[in-house]
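> After the sequence you'll find the predicted model.
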Number of protein chains: 2
Amino acid sequence: MPTNETDGMVKSNGAGSPRGPVIYASDPWLPGGPSQKAPRQLLNESERARLTAISSIVCFKKGELIYREGDSAAAAFNIIRGVVTTYASGGHIAAFLHPGDLFGLSEEGRYINTAKATTAVEAYRLPVAPLRRILLSDADVDSHVIVKLCHELRQAQRHALLLAQKRAAARLAMFLNLQEHLQAARGESTAEIYLPMNRSTIAEYIGLSLATLSRTFGSLAARGAIAARDLHHVKILDRAAIRKLASLGKGKRGA
Amino acid sequence: MPTNETDGMVKSNGAGSPRGPVIYASDPWLPGGPSQKAPRQLLNESERARLTAISSIVCFKKGELIYREGDSAAAAFNIIRGVVTTYASGGHIAAFLHPGDLFGLSEEGRYINTAKATTAVEAYRLPVAPLRRILLSDADVDSHVIVKLCHELRQAQRHALLLAQKRAAARLAMFLNLQEHLQAARGESTAEIYLPMNRSTIAEYIGLSLATLSRTFGSLAARGAIAARDLHHVKILDRAAIRKLASLGKGKRGA
DNA sequence: CGCTCGCTTGAAAAATATCAAAATCTGTGG
DNA sequence: CCACAGATTTTGATATTTTTCAAGCGAGCG
């Protein structure tokens, strides 16, 4: 068994299941506070129906490996519920994926990164062969893929922007902003920021040591900028402070 | 005059000019040393002819601003000669663009970043209106755009990977590797790495202060890992050392 | 010639990494 | 529901690294 990519428990795609694959893409980076603007669903009914026909639903337990870099890519996934983390070669974290996100795509024959379930995950599993047939035959889906890629590109660029910050507090502030905007883009409440991943995962994502990240959380809380209900729920108390940290690294440098 | 986007000197698109727009995309991240594998041209003759028909050739002087974030996007560009640097909002550097690269695209109505000529630049200028017509009418070009976007996405992810490194030497080593691979992908010689941008630009790109970057260059040279012919030409002497630095941050941590 | 701009170098200060121990959380089994 | 074991997170002390501020150097240019 070269991969455990099929290890996820398979549920029948029957009654009571969601209505079919959903792909969201919208620009979550609106200036100012997060907006509740509804995300844009990229697939129309007919496209969704065709994708549903070839898909099954799989579940992964928290922490479970979904696929490993280099495994031959048998399927792509579309998240229904939960959060997935992808790791680039070298062990660094490439992205956090949420419901509506698509992953396991954009490789040629083999997966180019490793995917792990950060929380319990439920997802559509889309076998590549039929998926490719659909993509090739439908020009509309093609253009949706373009939109999705632009979306991911912006994400990656924001990640780079975050990592280019020199101060730990600036990185964490940008990270929190990012999560909040993504939440808003998904149509979820932004009363509180939900951080499904654990501290070491965040530390890796924003390029800090675990100890420094912990201290930085503490320092922001001590300053009254944020309040942590528990390890996975943070509230921004002083938005101006967070924004200032995030925008130009503690506001020392002139704009 | 809301934008100087048309300030570049316009050359007649006549005899002696290159044969038409060229878009390259290939995976420059082949393991091991750089390869001389030829880059893949994405456009066929007919596509190129149609793009040529709507394009003019423009030139920009070294340091000249090509367009600014927020300007209304009148045209995209395809580089013939020279290097362009794009700046994300906040002044951070998003990417370095080379001949065969396309930029000024993937915005909606307005440019989302700022582009500046890092060296003297010659480029095809593709007005958006006719360009859009071509893209909409041609499914093939569509799929080429997808390939190109995947390419840019990988680039951005590598940039993030680079920035996630904690030690300055590791970042610089990754940067040099990256430039070398890109050179190889473009079919240029890799006897020497050409760095068209100045030191502060590199410093921004890899998220270090100018002083630290300078010291790190010096330190790598002192260790015999690299040799700098001048500020824009570097040779890797000890490839193993560079690779070790680039792969796991000085090799302290187990794989 | 004197200028500015870009790069290097120096010294001190600040920030972060590292190593290690204590505290807290999570999930499991009784 | 409680107690326990293992994993995760916080906190502490110290060592490195990087930033910062400032001064020098050199090339290109008016």
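Looks like it came in fine. Residues are numbered from 1 along each chain as shown, chains lettered A, B, ... in the order given.
> What count of nearby residues applies to residue A:70?
Residue A:70 sits with 15 neighbouring residues when counted by other Cβ atoms under 10 Å in any protein chain shown. For the C-beta atoms, the positions are set from N, CA and C on the backbone; glycine is no exception.
> Flag every residue of the stretch 151-255 of chain A that's near DNA strand C.
A:166, A:167, A:168, A:169, A:207, A:208, A:209, A:211, A:212, A:216, A:230, A:231 (Cβ under 7 Å from any atom of the strand).
> any chance of these in CSV, plus neighbour count, distance to DNA strand D and secondary structure?
Rendered in CSV, the data for these read as follows (neighbours: other Cβ atoms under 10 Å in any protein chain shown; distance: Cβ to the nearest atom of the strand, whole Å; DSSP: H, G, I helix; E, B strand; the rest coil):
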residue, neighbour count, distance to DNA strand D, secondary structure
A:166, 12, 5, coil
A:167, 13, 8, coil
A:168, 21, 11, helix
A:169, 21, 12, helix
A:207, 24, 12, coil
A:208, 21, 11, coil
A:209, 13, 9, coil
A:211, 10, 4, helix
A:212, 16, 8, helix
A:216, 20, 9, helix
A:230, 7, 9, strand
A:231, 10, 5, coil
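> Now the two most distant members of those residues.
A:166 and A:230 (29.6 Å; Cβ to Cβ).
> Can you show me the strands along the stretch 151-255 of chain A?
A:193-194, A:226-230, A:233-236 (DSSP state E, counting those that start in this stretch).
> Of all the ones you listed, which one is nearest residue B:150?
strand A:193-194 (30.0 Å).
> wait, which of the residues of the stretch 151-255 of chain A next to DNA strand C is closest to residue A:114?
The closest of these, once distances to residue A:114 are taken by Cβ to Cβ, is residue A:207, at 18.4 Å.
> Please name the spatially closest residue to that closest one (chain neighbours excluded).
Leaving aside its sequence neighbours, residue A:207 sits nearest to residue B:164 (Cβ to Cβ, 6 or more residues apart in numbering or on different chains; 4.2 Å).
> and the gap between the one you found and residue A:90?
From residue B:164 across to residue A:90, the span is 9 Å (Cβ to Cβ, to the nearest Å).
> quick one: which of those two has more around it?
residue B:164 (27 against 15).
> Next, give phi and psi for that one.
Note on residue B:164: its backbone torsions stand at phi -80, psi -10 [degrees, to the nearest 10].
> any idea of the pLDDT on it?
pLDDT, residue B:164: 96.
> Quick check: residues of the stretch 51-200 of chain A near DNA strand D?
Residues of the stretch 51-200 of chain A lying near DNA strand D (Cβ under 7 Å from any atom of the strand): A:166, A:198, A:199, A:200.
> returning to that earlier point: mind giving me JSON lines with the residues of the stretch 151-255 of chain A next to DNA strand C and columns for distance to residue B:244?
Formatted as JSON lines, these follow (distance: Cβ to Cβ, whole Å):
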{"residue": "A:166", "distance to residue B:244": "25"}
{"residue": "A:167", "distance to residue B:244": "28"}
{"residue": "A:168", "distance to residue B:244": "27"}
{"residue": "A:169", "distance to residue B:244": "32"}
{"residue": "A:207", "distance to residue B:244": "20"}
{"residue": "A:208", "distance to residue B:244": "23"}
{"residue": "A:209", "distance to residue B:244": "21"}
{"residue": "A:211", "distance to residue B:244": "25"}
{"residue": "A:212", "distance to residue B:244": "25"}
{"residue": "A:216", "distance to residue B:244": "30"}
{"residue": "A:230", "distance to residue B:244": "41"}
{"residue": "A:231", "distance to residue B:244": "36"}
